[in-house]
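Asks: Sequence first, predicted model second:
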Amino acid sequence: MNTEELGKALPKVVSGQVPGPKSKALLDRRDAAIPQALCGKTYPICIKQGSGAMFEDLDGNIFLDWVGGVGVLNIGYTRPEVVQAVQQQAEKFNHTIFNVIVHDGYVTMAEKLNETIPCRGDVKKTYFANSGAECDENAIKIAKAYTGRSSVICFSGAFHGRTNLTMALTAKKSYALGMGPFPAGIYRAPYPYLYRAPKGYTEEEAIQYFVDGLNEIFDDGAPANEVACIIVEPFQGEGGFIPAPIEWVKAVRKICDDNGILLIADEVQCGNCRTGRYYASEYWKEAGCAPDIVTTAKSLGAGVPISAITARAEIMDAAPSGTIGGTFCGNPLACAAAIQTMDIMKKEDFAGKALHIGEAVMGRFNELKEKYPIVGDVRGLGAMIGIEFVLDRGTKEPATAFTARLIARAIQKGLLLESCGTASNVIRFLAPLVMTEEQTARGLEIFEESLKEALAEEE
């Protein structure tokens, strides 16, 4: 099957079960050569090729990908124009270190982000790193340099990476098991997870409850005049696919303004057209509460490693010489991919595609909520959607084992799913935004078929 045919195909398992023999052989080699921490059993899949929202494994099975490299493939697998851009750049030069030799791609991509990122300021500046963890860590460096302060506030459910600093910021400590000690001066406030707010609260009361929890840090943790920044995901990813309510964001913005604290929007996962805006913090800007710094990665380079940090010029220029940058940061191949990706996303209105796909998926997920009591909540922005499973809608006890069974069932039918949430009881929808109408419909059918089978298996 060529890539054009694959991009239009529907899910199909031809090997009887997954993994088939060829994939099994590679998985065995993996287990012998790779650390156990990277050899999970949930996904017995080995890729041969990918196109659009689909990929083929070594045994000829065709999968619809609702994970997208965990938000990396908004533009899909192997977009020809991006492939060509990387090839053309590779024919010229693969690498320079930007601190020593300047290349046009770095400057051009920075200019494009300065025009696009919805942070405060008329004049903005951008620089690049390689991953989500790196851009978050660099944003905190910038905030500390600008404010002259040392403390950072993050949130329950947060995921910001696996470096020493970002492991400390990340809430779920299975990502940091045995890796301490961690940096001092990090304080955690409750994220506005409205579905799990205190029972009986109205939305307004719940938002105030979470705002109060943030304010308590200034009494119980760090004085406000020692806090450099508050870092928050506009749409929390690993923590359970939870959008930050705009009224809560407004309150956080005011707290920052009143106390000279910088507000960082971590758009590593939710950026690049996923939520129906090019960046989710555009919703913040529309409501008058734009962030000071925005970080982004994942789909920025369509799979080529690149991340970015953007803020107004006076903030960015506070970094002392030598404190930012790195060997591969803003690599020419990555910048070529990112430039082409942004051009395509803007020309083809990928934010609009996200709204269209999201409308169909949200509608179907809400129908499932009406039919199956195990569905506790459905929430999302654009095509970034979470569906939470609970054993009882009253107690909201997480249906963790059920969610694992659902994922396993779907894989055998050619649909790739991934969980999130502190109890791993939420399915995250992160399908490439090039998914066809037919693929969307078939994916939703498989999802419900797998849900029914997972319920029956429990009985």
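Replies: That came through fine.
Asks: Who are the contact partners of the residue most central in space within the chain?
Replies: What sits nearest the mean C-alpha location of the chain, by CA atoms, centre = their mean, is residue 269, with 1.9 Å. Contacts for residue 269 (CB atoms under 8 Å, 6 or more residues apart in numbering) come out as 70-71, 132, 233, 235, 237, 298, 384, 430. The C-beta positions use only the backbone N, C-alpha and C, and glycine is treated the same way.
Asks: my guess is residue 128 contacts residue 310, does it?
Replies: No. Contact status for residue 128 versus residue 310: not in contact, 10.1 Å apart, counting by CB atoms under 8 Å.
Asks: Check the secondary structure at the closest residue to residue 241 other than its chain neighbours for me.
Replies: In space, and not counting its chain neighbours, residue 241 is closest to residue 386: 2.7 Å by CB to CB, 6 or more residues apart in numbering. Judged by DSSP: H, G, I helix; E, B strand; the rest coil, the three-state class of residue 386 is strand.
Asks: Any idea how far apart the tips of stretch 221-228 sit?
Replies: Stretch 221-228 has an end-to-end distance of 14 Å (CA to CA, to the nearest Å).
Asks: which outside residues touch it?
Replies: Residues outside stretch 221-228 that contact it (CB under 8 Å, 6+ apart) are 140, 143-144, 146-153, 185, 187, 218, 255, 259-262.
Asks: how far is that stretch from where the chain is centred?
Replies: The chain centroid and the centroid of stretch 221-228 are separated by 28 Å under CA atoms, centre = their mean, to the nearest Å.
Asks: can you list contacts of stretch 349-362?
Replies: 74-75, 272-278, 344-345, 378, 380-385, 429, 431, 433-435, 440, 444.
Asks: Report all helices and strands that whichever strand or helix holds residue 209 contacts.
Replies: Assignment of secondary structure by DSSP states H and E places residue 209 within helix 203-220. Using 3 or more CB pairs under 8 Å, 6 or more residues apart in numbering; DSSP states H and E, the elements in contact with helix 203-220 are strand 186-189, helix 246-259.
Asks: Give me the subset of the contacts of stretch 349-362 lying in helices.
Replies: Under the assignment DSSP state H, the contacts of stretch 349-362 contribute 344-345, 440, 444 to helices.
Asks: can you pick the most crowded of those residues?
Replies: residue 345 (21 neighbours; other CB atoms under 10 Å).
Asks: ok, back up a step: now the helix holding residue 209 against helix 246-259, angle please.
Replies: Angle of helix 203-220 versus helix 246-259, following axes from the mean of the first three to the mean of the last three CA atoms, to 10 degrees, is 30 degrees.
Asks: Can I get helix 203-220 as CSV, trimmed to CA atoms?
Replies: Extracted C-alpha coordinates of helix 203-220, given in CSV (Å, rounded to 0.1, in the frame of the first residue of the first chain):
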residue,chain,number,x,y,z
GLU,A,203,-19.4,26.4,38.9
GLU,A,204,-18.9,29.9,40.3
GLU,A,205,-18.4,28.6,43.8
ALA,A,206,-16.0,25.9,42.5
ILE,A,207,-13.9,28.5,40.6
GLN,A,208,-13.6,30.6,43.7
TYR,A,209,-12.6,27.5,45.7
PHE,A,210,-9.7,26.9,43.3
VAL,A,211,-8.7,30.6,43.3
ASP,A,212,-8.7,30.5,47.1
GLY,A,213,-6.4,27.5,47.0
LEU,A,214,-3.9,29.4,44.9
ASN,A,215,-4.0,32.4,47.2
GLU,A,216,-3.3,30.2,50.2
ILE,A,217,0.2,29.6,48.9
PHE,A,218,1.1,33.2,49.6
ASP,A,219,0.3,32.6,53.3
ASP,A,220,1.4,29.0,53.7
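Asks: Now that residue 414 has come up, it's in contact with residue 12, right?
Replies: Yes. Contact criterion CB under 8 Å: residue 414 and residue 12 qualify, at 5.7 Å.
Asks: And these two? Which one has more around it.
Replies: Legend: neighbour count by other CB under 10 Å for residue 414 and residue 12, higher for residue 414 (22 against 15).
Asks: Can you tell me the closest non-neighbouring residue to that one?
Replies: Residue 414's closest residue in space is residue 11 (CB to CB, 6+ apart), at 2.8 Å.
Asks: Quick one: the strands in the stretch 251-400 of the chain, in order.
Replies: For the stretch 251-400 of the chain, the strands defined by DSSP state E, counting those that start in this stretch occupy 262-267, 293-296, 307-312, 375-381, 384-389.
Asks: can you redo the ones you listed as TSV with mean pLDDT?
Replies: Shown next, in TSV, are those (pLDDT from 0 to 100):
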stretch	mean pLDDT
strand 262-267	98
strand 293-296	98
strand 307-312	98
strand 375-381	98
strand 384-389	98
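Asks: Make CSV out of these and add distance to residue 452 and mean neighbour count.
Replies: Below are those laid out as CSV (distance: least, CB to CB, whole Å; neighbours: other CB atoms under 10 Å):
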stretch, distance to residue 452, mean neighbour count
strand 262-267, 36, 29
strand 293-296, 38, 30
strand 307-312, 40, 27
strand 375-381, 12, 21
strand 384-389, 13, 26
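Asks: Of those strands, give the one that comes closest to residue 180.
Replies: Each of these has some distance to residue 180 by CB to CB; the shortest is strand 262-267, at 22.0 Å.
Asks: Show me what that closest one is packed up against.
Replies: For strand 262-267, the packing partners by 3+ CB pairs under 8 Å, 6+ apart come out as helix 132-147, strand 227-232, helix 246-259, helix 281-286, strand 293-296.
Asks: Mind doing that once more with 6 Å?
Replies: Packing partners of strand 262-267 (3 or more CB pairs under 6 Å, 6 or more residues apart in numbering; DSSP states H and E): helix 132-147, strand 227-232, strand 293-296.
Asks: now for those, which one comes closest to residue 450?
Replies: helix 132-147 (29.3 Å).
Asks: In PDB, could you pull the C-alpha coordinates for the helix or strand following that closest one?
Replies: As assigned by DSSP H and E, the chain's next helix or strand after helix 132-147 is strand 151-155. What follows is strand 151-155, C-alpha atoms only, in PDB (Å, rounded to 0.1, in the frame of the first residue of the first chain):
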ATOM      1  CA  SER A 151       9.900  30.700  43.400                       C
ATOM      2  CA  VAL A 152       7.500  29.000  41.000                       C
ATOM      3  CA  ILE A 153       3.800  28.000  41.400                       C
ATOM      4  CA  CYS A 154       2.500  25.000  39.400                       C
ATOM      5  CA  PHE A 155      -0.700  22.900  39.700                       C
END
